[in-house]
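*Asks:* output the structure for:
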Amino acid sequence: MTNIIIKDEALAKAAERGIDDFLKVFTDKYMELVGGEPGAETMALLNGYQHSLLGYHFFRKEVLEGGFVQLIQNGYGPYIFDNPFAKSMRLFGAKDFSKLIYAAKKIYDAHRDDLERDTTDEEFMAMYEQYEEFDELEETYLDIEENVTGIIAKYVDEHLELFADIEK
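*Replies:* Have a look, this model is predicted:
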């Protein structure tokens, strides 16, 4: 694991702009460290808390933009569903979100090979109809996203030492 150093001043300025910017200070550092994409060769560079926060970054970005199908098609299925991401979210205090992840994992596990296969643009778009069971979960996430992000930001703020070394 690599020491990730964040300047207290940069964190304070980001926090003034809002929780999105506050969390982005951390995830930008993590992304820089892993070369933009977490992979087997970079997993050991981050601790479990850092991976969980980076996982939320990817989850939020992908699901808000294109739902679970996009999240999985863009290669983040294993990072979210094969790691203790849902458990971490529960430990961070986002219990309803954790349940949503476990529900999505059931769908993912049942259809993994199909959901992860290379597709044409037409096949990709057809997956949205084929996997409509994700729709309700996506709608639920849209309803709770702001609250979930707030819960995660609060956890990070209360446990800074788990996410980075803060330099004065």
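*Asks:* the most centrally placed residue in the chain sits in which helix or strand?
*Replies:* The centroid of the chain falls nearest to Tyr56 when counting by CA atoms, centre = their mean (1.9 Å). Element membership for Tyr56 (DSSP states H and E) is helix 48-73.
*Asks:* what about that helix, average pLDDT?
*Replies:* Helix 48-73 shows a mean pLDDT of 97.
*Asks:* next one: stretch 101-116
*Replies:* Stretch 101-116 comes out at a mean pLDDT of 98.
*Asks:* got the contact list for the helix or strand just after the helix holding Tyr56?
*Replies:* With elements assigned by DSSP H and E, the helix or strand that comes after helix 48-73 is helix 77-81. Contacts with helix 77-81, where a contact means CB atoms under 8 Å, 6 or more residues apart in numbering, come from 38, 55, 58-59, 71, 85, 101, 104-105, 108-109, 112, 115-116. In this view, the C-beta of every residue, glycine as well, is placed from N, C-alpha and C.
*Asks:* the protein: helices as residue ranges?
*Replies:* 8-17, 19-34, 48-73, 77-81, 85-92, 95-116, 121-130, 133-158, 160-163 (DSSP state H).
*Asks:* turn those helices into a markdown table, including distance to Thr42.
*Replies:* What follows is the helices of the chain, written out as a markdown table (distance: least, CB to CB, whole Å):
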| stretch | distance to Thr42 |
| --- | --- |
| helix 8-17 | 23 |
| helix 19-34 | 4 |
| helix 48-73 | 10 |
| helix 77-81 | 11 |
| helix 85-92 | 17 |
| helix 95-116 | 20 |
| helix 121-130 | 27 |
| helix 133-158 | 21 |
| helix 160-163 | 17 |
